[in-house]
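Build me a model:
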Amino acid sequence: MKKGMLSVMLATFVAAGMAVGQDDSRRITTVEKQIQSLTKELELLKQQETDKKLEARIDELSKKVGEGGGKPEATAGFKKHFYVKSADDMFKLQFFGRVQTDFRFYEGGNVEPVWGGDPHDTIQIRRVRMGMDGHVFGKPHRFKAQIDFTHDEVHVRDGYMELAYVPWLKVRFGHFKTPFSREQLISSKYIWFVERNIATDNLSPERDYGVMAHGDLFDGHMQYATAIVQGADSDGGDDNDAFDWAYRVNVKPFKKSGNEWLEGLEFGHGLVTGNQPRGNSLRGRTAGDLDFFPRIQRHGTRTRVGVDGAWYKGSFGLQWELLHVDEHRPTIQWDGVGPPQKLGSIQHTGWYVQTAYLLTGEKKSAKHVKPKHNFDPIKGGWGAWEIACRIGQLEEQSNHPMFSRTYFDDWGNPYTEWYKHQQCTAFTMGVNWYLNPRVVFKVNWIHNMFDEALEGKSSDVDSVLGRFQIYW
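Have a look, this model is predicted:
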């Protein structure tokens, strides 16, 4: 407004000056001075307006910088895991780990040839693991590394890179779990009992070095994985030129059916096969980590086949698995006499069925349990409580004798008895207390029944296992 008034006044003075006669120089001089004064004031106002526009532009740019351009180059936080990532999410690093402290008590007969006496009650650190995962130059370029520090030793548990541009085809290179058994593929921090079942623990491969393709098909109704691995299992080095081939398929036919009774139903199938050098057969041990028959020699093709399933409905969970392994035995001269003969294959067969129910109403799944109310005695929260039971069996047999036991008659004479079969049936009851989603306390009672006493005083062994676990 002020600027407009000055312009009008200036124009008025100019017009007045033109009307003045040329002979009246005094009045002309006065008008000129007034015009110069008004012109300077107008220029000053123009400069002030320019400064205001400049300030407004600076404010606008500062606001934009505050909204985006001024973000830090990296951020950190916690979402399932502790993480650090770049502002554009092109780089991300997550940190995770777990600590498991176990106590174990045993009661019952001993198995002399394998255990060498009664097993000892003990408290031990079962697992101490630290790891990291994330992606580089975008989410499709994933990696994972996990180290185990248990028993003053360092082992690489996971160490792989993965390309995952599309959900139906992801390619993994490195050290990872072989795709085979359902429960073996579930992390130890999520399993329902202190230890995995007797069938999976003895007959399924763990981790191995290799390359694997896997992905989701049919809108998540099917998951598949196929891998070429060296066949050494776990952290063992490669001891031959042959490789194992493995595959697994898991189907969720009613995943999006809308039927609450069928949505949580799934079925799986796996296979691993390959040639093995001369060496020891698969082991036989209880869930309490007690061997109940010695390994024997095998040489040739080893084939593992498994079928499994799971069902989750509200607070209830059901899981089962049937595994069979065939190991060729070498051609040897039996008892050191006669012509060499080919021994019959070792047939390992194992199965289990397990159920769990959350008494406090939380939802059961293959992952962690999230309590409705975390444990806090001051505020009245008592966490989540779960009961679980399991029955499983492991059987070893062959057409030719595999095992022997030595006993003494009434006169002290030793006798050796050969037999072709050994079997252990394990019944487990468990109680799990989830203090919060990251802390859990488990107690299991396990009753192992053997069909051969193996020199022991009893064919039954009872174990009580407990675990306090924290993970992040």
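
how's the protein carved up into domains?
2-69, 83-471 (automatic domain parsing).

Thr75: which of those is closest?
Closest approach to Thr75 among those (CB to CB): domain 83-471, 6.1 Å. Where C-beta positions appear, they are placed from N, C-alpha and C, glycine not excepted.

Return the distance of that closest one from the chain's centre.
In terms of CA atoms, centre = their mean, to the nearest Å, the centre of domain 83-471 is set 14 Å apart from its chain centre.

Now the terminal residues of that domain, how far apart.
Using CA to CA, to the nearest Å, the end-to-end distance of domain 83-471 comes out at 15 Å.

same question, stretch 189-196
Span of stretch 189-196 from end to end, CA to CA: 11 Å.

list the contacts for the closest residue to Ile123 other than its chain neighbours?
Closest residue in space to Ile123, ignoring its immediate chain neighbours: Phe103 at 4.7 Å, by CB to CB, 6 or more residues apart in numbering. Phe103 is in contact with Asp121, Thr122, Ile123, Gln124, Leu465, Gly466, counting by CB atoms under 8 Å, 6 or more residues apart in numbering.

Okay, buried residues for the host helix or strand of the fifth one please.
Yep, that's Leu465 we're talking about. In this assignment (DSSP states H and E), Leu465 forms part of strand 460-471. Of the residues in strand 460-471, those buried under the neighbour-count criterion (16 or more other CB atoms under 10 Å) are Val461, Ser463, Val464, Leu465, Gly466, Arg467, Phe468, Gln469, Tyr471.

quick one, strands of the stretch 101-250 of the chain?
Ranges of strands in the stretch 101-250 of the chain, per DSSP state E, counting those that start in this stretch, are 122-135, 141-148, 155-166, 169-177, 207-217, 222-229, 244-251.

how much space between Thr331 and Gln297?
Note on Thr331: its distance to Gln297, by CB to CB, to the nearest Å, is 11 Å.

For those two, indicate the residue with more neighbours.
The neighbour comparison of Thr331 against Gln297 (other CB atoms under 10 Å) goes to Gln297, with 15 against 12.

So what sits opposite the more buried one in the bridge?
Asn280 (DSSP bridges).

can you offset everything so residue one is 16?
Okay, residue one is now 16; in that scheme the one you just asked about reads as Gln312.

Pretty sure Pro292 is one of the things it touches, is it not?
No: with contact defined as CB atoms under 8 Å, Gln312 does not count as touching Pro292 (10.9 Å).

In what element of secondary structure is Ala371 found?
For Ala371, the host element (DSSP H and E) is strand 361-373.

Listing partners with orientation, what would you give for whichever helix or strand comes after that strand?
Note on strand 361-373: by DSSP H and E, the next helix or strand toward the C-terminus is strand 399-412. Strand 399-412 sits in its sheet next to strand 361-373 (antiparallel), strand 436-451 (antiparallel), going by DSSP bridges.

Can you say which of those strands is packed in most?
strand 361-373 (a mean of 20; mean count of other CB atoms under 10 Å).

Need the CA coordinates for it. CSV is fine.
Extracted in CSV, the C-alpha atoms of strand 361-373 (Å, rounded to 0.1, in the frame of the first residue of the first chain):
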residue,chain,number,x,y,z
ILE,A,361,21.5,-100.3,7.8
GLN,A,362,17.8,-99.2,8.0
HIS,A,363,17.2,-96.3,10.2
THR,A,364,13.5,-95.4,10.8
GLY,A,365,12.2,-92.7,13.1
TRP,A,366,9.0,-90.9,13.8
TYR,A,367,7.4,-88.5,16.3
VAL,A,368,4.1,-86.9,17.1
GLN,A,369,4.0,-83.8,19.4
THR,A,370,1.3,-81.4,20.6
ALA,A,371,1.3,-78.2,22.5
TYR,A,372,-1.4,-76.0,24.0
LEU,A,373,-1.1,-72.4,25.4
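
average pLDDT across that strand?
For strand 361-373, mean pLDDT rounds to 96.

Likewise for stretch 322-330?
97.

Next, the contact list for Ala240, please.
Counting by CB under 8 Å, 6+ apart, Ala240 touches Pro194, Met227, Ala228, His229, Ala261, Tyr262, Arg263.

which among the residues you listed gets closest to Thr65?
Distances from Thr65 to those, taken by CB to CB, are shortest for His229, at 64.4 Å.

Quick check: that closest one vs Lys67, distance?
In terms of CB to CB, His229 sits 63 Å off from Lys67.

between these two, which one's more packed in?
Taking other CB under 10 Å, His229 and Lys67 do not tie; His229 has more neighbours (20 against 10).

Quick check: which ranges of the stretch 66-215 of the chain have low pLDDT?
66, 69, 72-87, 123-134 (pLDDT under 70).

if we go to 90?
66-97, 102-104, 120-137, 165-171 (pLDDT under 90).

Tell me where it has helices.
Listed from the start of the chain, the stretch 66-215 of the chain has helices (DSSP state H, counting those that start in this stretch) covering 127-130, 197-200, 213-218.

Please name whichever of the ones you listed is nearest to Phe111.
For Phe111, the closest of the helices of the stretch 66-215 of the chain is helix 197-200, at 17.3 Å, according to CB to CB.

Identify the residues contacting that closest one?
192, 194, 206, 211-212, 215, 219-221, 263, 265, 283, 321, 323-325, 334, 336.

Which of the residues in the helix or strand in which His339 is found are classified as buried?
Per DSSP H and E, His339 falls inside strand 331-342. Neighbour-count burial for strand 331-342 flags Gly332, Leu333, Gln334, Trp335, Glu336, Leu338, His339, Val340, Asp341, Glu342 (criterion: 16+ other CB under 10 Å).

Kindly indicate which of these lies nearest Phe93.
Gly332 (27.7 Å).

Which residue is the nearest non-sequential neighbour of that closest one?
Closest residue to Gly332 apart from its sequence neighbours, by CB to CB, 6+ apart: Lys379 at 4.0 Å.
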